[in-house]
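Engineer: using only what follows, build the 3D model:
(chains A, B, C and D)
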Amino acid sequence: LLTPRQSLPQLDESLVEESRTFESRLQSLLQDTIQESESSMEMLREWTWLNDSQSFSSDLS
Amino acid sequence: LLTPRQSLPQLDESLVEESRTFESRLQSLLQDTIQESESSMEMLREWTWLNDSQSFSSDLS
Amino acid sequence: LRVPPELAANEVVTKLLGDNQQLREALRRSNLALRQRCEEMEGWQRRTREEREFLSCRFQEARALVERLAQENHSLQGLVNG
Amino acid sequence: LRVPPELAANEVVTKLLGDNQQLREALRRSNLALRQRCEEMEGWQRRTREEREFLSCRFQEARALVERLAQENHSLQGLVNG
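Structural biologist: Here you go, the predicted structure:
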């Protein structure tokens, strides 16, 4: 702890600035990651061909 | 801004406590999510059967 | 704890009170941001678990189907070629 | 700005200096945590992009293979059944 005899610590403006920067960086990173993952999952959700070919094959069995 | 005539604001200990709580909650959430996603990807990396059956089918063509 | 009237206009005290206010606000905002990211992450974690389960089932089905078709194909070729 | 000697022991000033110090430390820690999460997230984002590309290729291959095998089986069945 600073003793009151010393100079007052500067309110590190950069400390407050930095917190804003990281807050918004994390927010957009998370948003991007979620969006990317969901749109790629969208594509992988197309599996109708699996059922089509499955019924096709069962002709034989 | 508080005017100095008013009472001193209490140092809301809970504000400092809360920051610790959220920091570690986010840290473990992210760790878990990354780990889950990587171990499930591990499973989806097994595609040798695809090549096996691919060469099998090419007998015909 | 009250600020005594004789200190109310004191430059040092005013500066300290101002800093206190700013730091408090920054920390409060930071906590809010952390909490929001936690919540987003939790929701997303739930969704990806379901997705992965779905994906993993389809993946196993695809593999089983490929193997069955290849086997049938092999048998049919045997019949065709005598 | 210096704390004048006559205020050095003042209860209000001491309290404010202590509080501000604590808030500053908490904010610094919080910033560090945010930065670390950002970095982890960036690394992970890179890895999952590669994984997804791999996965998407294999899925297309699987689909093409299933369709080809089903088609071949169909032709072979035609030959077998005359």
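
Engineer: contacts, neighbours, all on C-alpha from now
Structural biologist: Fine.

Engineer: what about the closest residue in space to A:E23 that isn't next to it in sequence, which helix or strand?
Structural biologist: Distances taken as C-alpha to C-alpha, 6 or more residues apart in numbering or on different chains put C:A33 closest to A:E23, at 6.2 Å, once the chain neighbours are dropped. For C:A33, the host element (DSSP states H and E) is helix C:11-80.

Engineer: I'd say the residue nearest to A:E23 and A:R25 touch.
Structural biologist: No. The criterion here is C-alpha atoms under 8 Å, and C:A33 misses it with A:R25 at 10.9 Å.

Engineer: so what's the most centrally placed residue in chain A up against?
Structural biologist: By C-alpha atoms, centre = their mean, the mean C-alpha position of chain A lies nearest to A:L30, the distance being 2.4 Å. With contacts defined as C-alpha atoms under 8 Å, 6 or more residues apart in numbering or on different chains, A:L30 is in contact with C:37, C:41, D:41.

Engineer: show me what the mean pLDDT comes to for the longest helix along chain A.
Structural biologist: The helix that spans the most residues within chain A, counting by DSSP state H, is helix A:13-43. Taken as a whole, helix A:13-43 has an average pLDDT of 91.

Engineer: that helix versus helix D:11-80: what angle between them?
Structural biologist: 20 degrees (axes from the mean of the first three to the mean of the last three C-alpha atoms, to 10 degrees).

Engineer: report the closest residue of chain A relative to chain B.
Structural biologist: Nearest to chain B, among the residues of chain A, is A:L30, at 10.4 Å (C-alpha to the nearest C-alpha).

Engineer: C:L1 and D:V13 touch, don't they?
Structural biologist: No. At 10.8 Å, C:L1 and D:V13 do not qualify as touching, with contact defined as C-alpha under 8 Å.

Engineer: between those two, which one's more packed in?
Structural biologist: Each of C:L1 and D:V13 has its neighbours counted (other C-alpha atoms under 10 Å in any protein chain shown); D:V13 has more, 20 against 11.

Engineer: let me see the confidence value for the more buried one.
Structural biologist: pLDDT, D:V13: 92.

Engineer: kindly report the residues of chain C close to chain B.
Structural biologist: Contacts of chain C with chain B, taken as C-alpha under 8 Å from any C-alpha of the partner chain, map to C:1-5, C:7-9, C:13-14, C:17-18, C:21, C:27-28, C:30-31, C:34-35, C:37-38, C:41-42, C:45, C:52, C:56, C:59, C:63, C:66-67, C:70, C:73.

Engineer: of the residues you listed, keep whichever come out buried.
Structural biologist: For the residues of chain C next to chain B, burial is judged from neighbour counts taken by 16 or more other C-alpha atoms under 10 Å in any protein chain shown, and it is met by C:3, C:7-8, C:13-14, C:17-18, C:27-28, C:30-31, C:34-35, C:37-38, C:41, C:45, C:52, C:56, C:59, C:63, C:66-67, C:70, C:73.

Engineer: how far away from the center of its chain is stretch C:52-70?
Structural biologist: Its chain's average C-alpha position is 28 Å from that of stretch C:52-70, according to C-alpha atoms, centre = their mean, to the nearest Å.

Engineer: which non-adjacent residue is nearest C:Q45?
Structural biologist: The shortest distance from C:Q45 to any non-neighbouring residue, by C-alpha to C-alpha, 6+ apart, is to B:T33 (6.3 Å).
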